[in-house]
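>>> Based on what follows, work out the 3D shape:
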Amino acid sequence: MADKRQHDSRSPLTTSRRRVLAAAALAPALSAAPARAGTMSAQRDHALVEPVMTKLADWADVGTAFGRAGDMKRFMYHTAFPRRDLKVFSHGVHIDPALALGTHVSFVRYADGSTLLMGDVVVAESELQRFCDVLQQHGIMQTALHKHLLAHKPDVWWLHVHAHGHDPVAVARGLRAALDRTGTPPAEPTTSSPPVDLDTTAIDAAMGVKGVTDGVIYKSTFVRRETVADGHLVLPPGLGSTTSVNFQPLGGGRAALSGDLVMIASEVQPVLTTLRRGGIELVEVHHHNLEDQPRLFFVHYWAVGNAVRLAKAVRKAVDTTNVVPMPGGAGS
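This is a model prediction of the structure:
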């Protein structure tokens with residue numbers, strides 16, 4: 001007991017000295033931590049690489065590797081591979097390829113000379129595993145695997161692909177090799193689209209954006225207001241971060257509605273709630289990318305009914321997100 005009291009009588013000074021020494025030792029680390037975090041953030045922001053404009057002729061070798069022509073959508077060299085070979089039905093509706101069965105891939109050139117491939121590929125379930133195997137053999141990443149439709153036959157999956165490097169032709173050849181393991185049909189000659197059998201003027205008014213036609217499908221497209229990056233690469237508007245609202249005419253002013261809305265985390269629940277209040281069915285919520293900033297979520301949805309009423313309902317959900325009309329029309 002005496003020893004304990006003797007120790008306690010010395011403890012205030014000892015404790016005080018220890019605290020001073022400990023504080024002195026920790027001070028550099030504590031003061032450096034916020035500065036280091038801030039420096040890392042600044043370096044990350046500084047390291048972002050911007051896309052650069054290219055011309056259609058710059059991608060001639062990629063088009064040759066794909067065996068079909070692409071087109072330019074601002075910064076993006078875009079190629080479509082519609083799955084016209086698939087006869088898909090969802091809730092009794094025969095799905096037009098342009099509504100939800102279109103494989104779309106885009107290449108973007110960057111200021112550092114590198115090239116990014118991003119895309120969304122439609123594969124039958126019987127094709128899925130061998131398609132992934134070939135992608136992996138060619139170093140092409142798979143970043144998402146999900147559904148766009150409810151209760152559909154035959155079973156189809158949607159796979160997001162991603163590749164970044166300095167040889168876009170090699171990437172195109174790898175993707176072509178994987179597509180050749182599927183029933184993706186050859187390209188067909190481009191023909192003019194017939195008038196869409198919907199009140200597109202009323203749909204535009206309801207959506208607040210001028211839509212575009214894709215065959216018999218009418219599409220309204222929005223993009224995020226924020227700068228979106230994938231890793232250190234700035235994504236041009238329309239690449240991998242769009243809200244897409246697609247109408248397939250069913251006659252008598254009715255339409256099948258399919259598409260996806262792009263959201264940040266705080267917008268997910270308001271969007272889901274608003275869609276359901278509008279009588280729109282939820283299909284799936286997921287990511288498209290692995291390293292996007294801000295972190296983006298996508299909800300796929302489905303509805304059948306009067307096209308203008310559906311447009312008004314989905315517009316309410318769109319308005320809960322931080323988006324603007326897509327510059328120049330539909331993206332990829």
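>>> residue boundaries of the strands in the stretch 51-200 of the chain?
Here the stretch 51-200 of the chain has its strands, by DSSP state E, counting those that start in this stretch, at 71-73, 76-82, 89-90, 93-94, 102-109, 115-124, 141-146, 152-153, 156-165.
>>> Can you list the low-confidence ranges for the stretch 1-150 of the chain?
Across the stretch 1-150 of the chain, the ranges flagged by pLDDT under 70 are 1-46.
>>> And the contacts of stretch 302-314?
Stretch 302-314 has contacts (Cβ atoms under 8 Å, 6 or more residues apart in numbering) with 90-91, 93, 149-150, 198-199, 202-203, 206-207, 220, 245, 247, 249-250, 253-259, 275, 278-281, 283, 301. From N, CA and C alone the C-beta is placed, and that goes for glycine too.
>>> change it to 7 Å
91, 93, 149-150, 198-199, 202-203, 206-207, 245, 247, 253-258, 278-281, 283 (Cβ atoms under 7 Å, 6 or more residues apart in numbering).
>>> starting at the chain centroid, how far to it?
Mean C-alpha position of stretch 302-314 versus that of the full chain (Cα atoms, centre = their mean, to the nearest Å) differs by 23 Å.
>>> how about it as CSV, C-alpha atoms only?
What follows is stretch 302-314, C-alpha atoms only, in CSV (Å, rounded to 0.1, in the frame of the first residue of the first chain):
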residue,chain,number,x,y,z
TRP,A,302,-40.5,-1.6,-67.4
ALA,A,303,-44.0,-0.5,-68.0
VAL,A,304,-46.8,-0.8,-70.6
GLY,A,305,-49.5,1.8,-71.1
ASN,A,306,-50.4,5.1,-72.7
ALA,A,307,-47.0,6.5,-73.9
VAL,A,308,-47.6,10.1,-72.9
ARG,A,309,-48.8,9.1,-69.4
LEU,A,310,-45.8,6.9,-69.0
ALA,A,311,-43.5,9.8,-70.1
LYS,A,312,-45.0,12.0,-67.5
ALA,A,313,-44.5,9.3,-64.8
VAL,A,314,-40.9,8.6,-65.6
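>>> that older thread, please, a ChimeraX command that selects the buried ones among the contacts of stretch 302-314?
Per 16 or more other Cβ atoms under 10 Å, the buried members of those correspond to this ChimeraX selection:
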select :93,149,198,199,203,206,207,245,247,254,255,256,257,258,278,280,283
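>>> returning to that earlier point: now the strands of the stretch 51-200 of the chain in a markdown table, with distance to Thr182?
Compiled in a markdown table, the strands of the stretch 51-200 of the chain are given as follows (distance: least, Cβ to Cβ, whole Å):
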| stretch | distance to Thr182 |
| --- | --- |
| strand 71-73 | 22 |
| strand 76-82 | 9 |
| strand 89-90 | 20 |
| strand 93-94 | 20 |
| strand 102-109 | 9 |
| strand 115-124 | 6 |
| strand 141-146 | 14 |
| strand 152-153 | 17 |
| strand 156-165 | 11 |
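>>> Nearest to Glu50, out of those strands?
Nearest of the strands of the stretch 51-200 of the chain to Glu50, taken as Cβ to Cβ: strand 102-109 at 10.2 Å.
>>> Which elements pack onto the closest one?
strand 76-82, strand 115-124 (3 or more Cβ pairs under 7 Å, 6 or more residues apart in numbering; DSSP states H and E).
>>> Okay, Ser241 and His287: tell me how far apart.
Distance, Ser241 to His287, by Cβ to Cβ, to the nearest Å: 11 Å.
>>> quick one: common contacting residues for those two?
In contact with both Ser241 and His287: Leu296, using Cβ under 7 Å, 6+ apart.
>>> Look at those two and report which has more neighbours.
Neighbour count, other Cβ atoms under 10 Å: between Ser241 and His287, Ser241 has more, with 25 against 14.
>>> So for that one, what pLDDT did the model give?
Predicted confidence (pLDDT) for Ser241: 89.
>>> Then the one 3 residues further on?
The pLDDT attached to Ser244 in the predicted structure is 97.
>>> before we move on, what about the one 5 residues further on?
Per-residue confidence (pLDDT) for Pro249: 98.
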